[in-house]
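Student: 3D, please:
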Amino acid sequence: MSPRQAPSAFSLPAALSSAGYALRPETDGDVPFLMRLYASTREDELALVGWSAAQKEAFLSSQFAAQRHHYRTALTGCCSAILEHDGAAVGRLYLQARQTQIHIVDIALLPACRNRGLGAAILRALQAAAAADGRSIGLMVATFNPALRLYRRLGFAAVADHGPYCAMIWRPTPAQLNTA
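Tutor: Numbers count the residues shown, from 1 in each chain. Model (predicted):
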C-alpha cells in the first residue's frame, strides 16, 4: 500500500487465502449478516443486564444502525470488507487510510471463528503492509474486549484512555521498516 492508496488494496496472507478465506467489498445485502455479527460482539455485555429479549433486540438494532450510519458518514475513505470462508461470511474488516497510519475501524469475527489465530493472522498481515509503507496502525478497543490481550501481544500500546475504550497504536520497528 502506498501512502495514498486506500486500505481496500490490503490482501489476506497466502496462508489464509489458500485455506479458503477471502475479503470482498461489503454490500447492502450483507446487512442481516452484519447485524448478527454485531449482536454476537455484544452478547457478554448484554448478559449482565436484566432486559427482555425484545429489549435487547431493540437496543442492538438501534446501536447497529447508529454505528453503521457513523461509519458510512463520518469516516472518510473507510473501506468496508466482508471476510468469507469458502464463500460464507464469517467477519468484517473496516479500514481507513490516514497519511501516516492505517486505522482499524472495526475487525469482528463470528464466535465460531474467534480464538483460532484468524484475527492474529489478519493483524500480522496488516502490520507487514503498514511497515512496507512506513505507517503505524491505530485502533480503539473496549477495555473489556478479550481482543485487547491479542493487540498487546502483537505490540500495540495504549496511547489514550477514553473511558470504556482504549486508543492503541502499533509502530513498526526500524528492522521491520528495513525488511519491508
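
Student: The residue most central in space within the chain and Gln55: what is the separation?
Tutor: For the chain, the residue nearest the mean C-alpha position is Ile107 (1.6 Å; Cα atoms, centre = their mean). In this view, Ile107 and Gln55 are 28 Å apart by Cβ to Cβ, to the nearest Å. C-beta coordinates here come from the backbone N, C-alpha and C atoms, glycine included.

Student: and Leu23, what does it touch?
Tutor: Going by Cβ atoms under 8 Å, 6 or more residues apart in numbering, Leu23 touches 10-12, 81-84, 93.

Student: A strand includes it, no?
Tutor: Yes. Leu23 forms part of a strand when assessed by DSSP: H, G, I helix; E, B strand; the rest coil.

Student: any weak-confidence spans in the chain?
Tutor: 1-9, 178-180 (pLDDT under 70).

Student: would you list every one of the strands in it?
Tutor: 21-25, 78-85, 88-97, 101-109, 136-142, 157-162, 165-170 (DSSP state E).

Student: What residues sit buried inside stretch 98-106?
Tutor: Neighbour-count burial for stretch 98-106, counted by 16 or more other Cβ atoms under 10 Å, picks out 101-106.

Student: pretty sure Phe59 is touching Trp51, no?
Tutor: Yes. With contact defined as Cβ atoms under 8 Å, Phe59 reaches Trp51; the gap is 7.1 Å.

Student: So these two - more neighbours on which side?
Tutor: Neighbour tally, Phe59 and Trp51, criterion other Cβ atoms under 10 Å: the higher count belongs to Phe59, 15 against 12.

Student: check contacts around the more buried one.
Tutor: Phe59 is in contact with 46, 51, counting by Cβ under 8 Å, 6+ apart.

Student: any idea how far Cys78 is from it?
Tutor: Distance from Phe59 to Cys78, counting by Cβ to Cβ: 24 Å.

Student: Please verify my assumption that Ala167 contacts Met140.
Tutor: Yes. Ala167 is within contact range of Met140, at 5.4 Å (criterion: Cβ under 8 Å).

Student: Sort out which residues of the longest helix seen in the chain are buried, please.
Tutor: Ranked by residue count, the top helix of the chain under DSSP state H comes out as helix 53-74. Buried residues in helix 53-74, counted by 16+ other Cβ under 10 Å: 56, 60, 64, 71.

Student: cool, stretch 138-157 as well?
Tutor: Buried residues in stretch 138-157, counting neighbours by 16+ other Cβ under 10 Å, are found at 138-139, 141-142, 145, 147-148, 150-151, 154-156.
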